[in-house]
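# Got a predicted structure plus its sequence, pasted below:
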Amino acid sequence: MSESILSVLDETRVFQPPYNDRTAFQSMADLQAIQQEFSENFEEKWRQLAEQNLQWRKPFSVVLNESKAPFYTWFEDGALNLSENCIDRHVQQGLGDRTAIIWEGEPGDVRRISYQQLLDEVCRAANGMKQLGIESGDRVVIYMPMIPEAAITMLACTRIGAIHSVVFGAFSSHALRERIHDAGAKLVVTADGGYRRGAVHALKPKVDEALECNCDTIEHVLVVKRGENPVDWQAGRDVEWRALLDAQPAQCEALALNAEHPLFILYTSGSTGKPKGIVHSTAGYLLWAHLTMTYSFDFRPAEDVFWCTADVGWITGHTYSVYGPLSNGGTTLMYEGVPTYPDAGRLWKLCEDHAVSVFYTAPTAIRALIKAGDAWPEKYDLSRLRVLGTVGEPINPEAWMWYHRVIGQDRCPIVDTWWQTETGGHMLVPMPFAVPTKPGSAALPLPGIYAAVVDQEGEPVTEGGGLLVITRPWPSMLRGIWGDDQRYIDTYWRKFNHRYYFAGDGARIDQDGYFWIMGRVDDVLNVSGHRLGSMEIESALVSHPAVAEAAVVGRPDELKGEAVYAFVVLKQPATENLKSELLKHVTQEIGAIARPDDIHFAENLPKTRSGKIMRRLLRDIAAGRDITSDTSTLEDQQVIQQLRDQP
Ligand code: PRX
């Protein structure tokens with residue numbers, strides 16, 4: 001258990017929500033009232049919300065179909081188009097001139113894209129993709145910097161029914177290849193490069209490398225020029241974005257798609273080696289992306305500037321940089337670069353320059369900025385901020401308090417949102433003007449969401465910790481794992497006999513019914529809010545010729561939440577440069593985010609008599625604390641001492 005979690009256990013502070021007479025949810029009573037409506041008629045309430053908040057081409061008659069559970073479907077006989085909901089409907093309502101996207105590049109270049117301009121560009125991109133042979137149901141991999149074209153490509157895919165799969169630009173060519181291969185993608189959309197820390201970070205060469213083998217399904221690579229860095233050009237395969245789009249009409253009929261049409265695949269780490277392609281559907285996902293903007297952020301499309309700092313390579317970027325704000329007809333800010341470039345004031349400068357009113361980031365970013373000192377935020381005018389959100393990992397109370405006091409100036413509610421790639425949108429959230437907050441707690445389930453903390457048998461626990469489960473289906477739940485139905489059942493549903501969705505997190509509930517997330521209970525690490533599988537990193541290490549065996553665990557880290565700690569057994573004695581070689585190797589196999597912070601060469605790994613690596617014990621050793629786990633099943637008791645002796 002990390003230090004931050006220990007301090008959470010002692011946390012008793014409660015902050016009352018500020019008064020706000022313009023929000024739909026002004027008190028706990030308002031939240032309870034809508035929850036009551038759900039409890040009285042679950043499907044009817046979802047029906048109303050889906051009818052009122054989305055524009056349908058064909059109305060649905062069925063709300064929830066549970067007959068093939070756990071393969072639930074929502075609104076299954078309805079039809080709609082996501083890009084039409086995110087763009088056309090606002091233009092039709094006369095909002096064509098409203099800014100949809102404000103974008104700032106790392107060097108400081110700014111673009112403002114209105115809803116009308118977004119519509120034109122998305123239509124051109126959709127027509128361009130059609131010209132490249134993309135049809136409904138085809139997979140398109142997006143490997144891009146944070147530039148508007150990433151969002152435009154996502155929306156263009158949804159216009160013609162193509163299924164997008166965004167791969168985070170910091171993943172290696174090897175990781176990209178695996179994802180292209182698993183998705184069977186036909187097209188990769190990328191950029192020559194993008195700006196990071198003052199230099200151009202090349203992307204196209206990584207695509208070229210990925211496509212060298214195992215990617216036979218790819219027919220074209222569409223390349224946006226951003227970095228203007230020199231790149232190779234493969235005739236017949238590679239197509240330049242501007243040249244393609246300029247030749248297209250700015251009208252493209254949005255396809256009426258079934259509510260359950262797969263919208264996107266997003267790869268995320270699980271406890272076994274291979275990343276899994278989480279599949280989301282069109283209507284259910286969009287409905288929840290739309291509603292949670294109001295529920296969690298009190299989002300007001302006509303006046304707010306919303307900034308979610310996540311890259312579109314992650315679920316947070318999908319739902320809250322792109323689809324949530326745009327579905328509501330609001331303004332979303334996208335920023336290309338790193339938060340500390342050219343200095344630690346960059347985020348706050350962006351907030352001032354673009355009058356950001358709702359700001360959403362990860363605890364890791366907050367902790368890094370705390371370290372940089374209060375003088376940075378104090379230099380900028382943050383008075384427009386009114387709601388502050390956090391996501392991705394437990395927030396330690398110290399970081400929460402700083403965010404509240406220094407950034408929110410004691411005025412802005414702090415919204416700690418718990419959710420996952422699989423849930424599509426927020427699940428546990430203190431609704432900003434209704435629910436009192438406690439530093440470190442994601443508070444309560446949102447309206448329509450039913451969560452519980454249970455023991456191994458699925459019985460609710462009232463005291464102490466347990467496992468977090470979702471007890472009723474919800475519209476934006478994942479629809480499966482791409483190409484692997486069995487893994488979907490095994491990972492999320494088998495544990496509690498198909499009764500509950502098992503989230504993989506430990507949690508406890510306090511006397512007020514507040515949820516406190518304690519971190520993952522499986523072998524998934526959370527490094528700087530990024531989800532990484534220990535086994536993914538282990539496989540990368542073992543693929544190096546010098547490595548016989550590897551075990552990777554998380555070690556508590558003040559800044560990143562968790563750091564990657566690798567125990568490595570070698571085939572022969574270590575050479576001088578081996579550690580740095582291994583670090584380079586993991587970077588090549590997965591990406592720099594998976595690079596171990598510590599490599600511990602070991603003679604042996606602690607195993608049970610049946611040969612299972614005892615990770616809990618390794619976690620204790622990595623953290624430098626006393627062994628807290630039961631060692632009676634350990635095959636060779638000397639291993640612990642050996643590991644302690646050779647750090
Ligand atoms: O362990 C939980 C942690 O992040 C995991 C989900 O990771 P991912 O699918 O990459 O999505 C991250 C962004 C939604 C969860 O299983 N997590 C997410 N939000 C929180 C959190 N842990 C504590 N508090 C949170 N607010």
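Received the coordinates, thanks.

# and the protein, which residues reach the ligand?
268, 315-316, 391-394, 416-421, 442, 503-505, 517, 520, 526, 531 (CB under 6 Å from any ligand atom). Bear in mind the C-beta positions are built from the backbone N, C-alpha and C, glycine included.

# Quick one, which of those residues are buried?
268, 315-316, 391-394, 416-421, 442, 503-505, 517, 520, 526, 531 (16 or more other CB atoms under 10 Å).

# Helices - which of those land there?
Secondary structure defined by DSSP state H assigns 315-316 of those to helices.

# Nearest to the ligand: which residue in the stretch 351-500 of the chain?
Thr421 (3.4 Å; CB to the nearest ligand atom).

# which residues does that residue contact?
Counting by CB atoms under 8 Å, 6 or more residues apart in numbering, Thr421 makes contact with 266, 268, 278, 314-315, 478, 531.

# what's the closest of those to Lys68?
Distance ranking of the contacts of Thr421 against Lys68, using CB to CB, places Leu478 first at 14.6 Å.

# who's in contact with the residue nearest to that closest one when sequence neighbours are not counted?
Of all residues beyond its chain neighbours, the one nearest Leu478 is Glu422 (4.4 Å), with distances taken as CB to CB, 6 or more residues apart in numbering. Glu422 makes contacts with 268, 278, 477-478, 492, 503, as judged by CB under 8 Å, 6+ apart.

# at 10 Å what do you get?
Going by CB atoms under 10 Å, 6 or more residues apart in numbering, Glu422 touches 266, 268, 276, 278-280, 315, 470, 476-478, 481, 488, 491-492, 501, 503-504.

# what's the distance between it and Thr471?
Taking CB to CB, to the nearest Å as the criterion, Glu422 is separated from Thr471 by 15 Å.

# Could you do Met401 as well?
For Met401, the distance to Thr471 equals 32 Å [CB to CB].

# Just want the residue of the stretch 101-250 of the chain that's nearest the ligand.
For the stretch 101-250 of the chain, the residue closest to the ligand is Phe168, as judged by CB to the nearest ligand atom, at 10.5 Å.

# what's near enough to touch that residue?
Applying CB under 10 Å, 6+ apart, the residues contacting Phe168 are 143-144, 175-176, 179, 266-267, 311-314, 317, 530, 591, 593.

# Next: Lys58.
Lys58 neighbours (CB under 10 Å, 6+ apart): 77-80, 256-259.

# Of these, which belong to strands?
Among these, the members falling in strands (DSSP state E) are 79-80, 257-258.

# Let me know the secondary structure of Ile34.
Following DSSP: H, G, I helix; E, B strand; the rest coil, we place Ile34 in the helix state.

# and the gap between it and Val63?
17 Å.

# now do Asn258
According to CB to CB, Asn258 and Val63 sit 15 Å apart.

# same thing with Gly313?
For Gly313, the distance to Val63 - CB to CB - is 32 Å.

# the more surrounded of those two?
Ranked by neighbour count (other CB atoms under 10 Å), Gly313 and Val63 place Gly313 first, with 23 against 19.

# Contact partners for the more buried one?
Gly313 neighbours (CB under 10 Å, 6+ apart): 142-146, 150, 166-171, 266-267, 530.

# Keep only those of those that are in helices.
Reading helices off those with DSSP H, I get Ala150.

# quick one, what contacts the nearest residue to Gly284 once chain neighbours are set aside?
Nearest residue to Gly284, sequence neighbours excluded (CB to CB, 6+ apart): Pro475, at 3.4 Å. For Pro475, the contact set (CB under 10 Å, 6+ apart) comprises 46, 49-50, 63-64, 72-75, 259, 281, 283-289, 291, 424-425, 448.

# and if you look at Ile315?
By CB under 10 Å, 6+ apart, Ile315 lies in contact with 166, 264, 266, 268, 278, 280, 391-392, 419-425, 531.

# Look up the residues forming beta bridges with His280.
Phe264 (DSSP bridges).

# buried set for the one helix or strand Val207 maps to?
Assessed by DSSP states H and E, Val207 sits inside helix 204-210. For helix 204-210, the buried set under the neighbour-count rule, 16+ other CB under 10 Å, comprises 204-208, 210.

# Check which helices and strands that helix is in contact with.
On a contact count with 3 or more CB pairs under 10 Å, 6 or more residues apart in numbering; DSSP states H and E, helix 204-210 meets strand 139-143, helix 173-183, strand 187-191, strand 193-196, strand 220-224, strand 238-240.

# CSV please, covering the ones you listed and showing mean neighbour count.
Converted to CSV, the helices and strands packed on helix 204-210 look like this (neighbours: other CB atoms under 10 Å):
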stretch, mean neighbour count
strand 139-143, 25
helix 173-183, 22
strand 187-191, 28
strand 193-196, 22
strand 220-224, 23
strand 238-240, 16
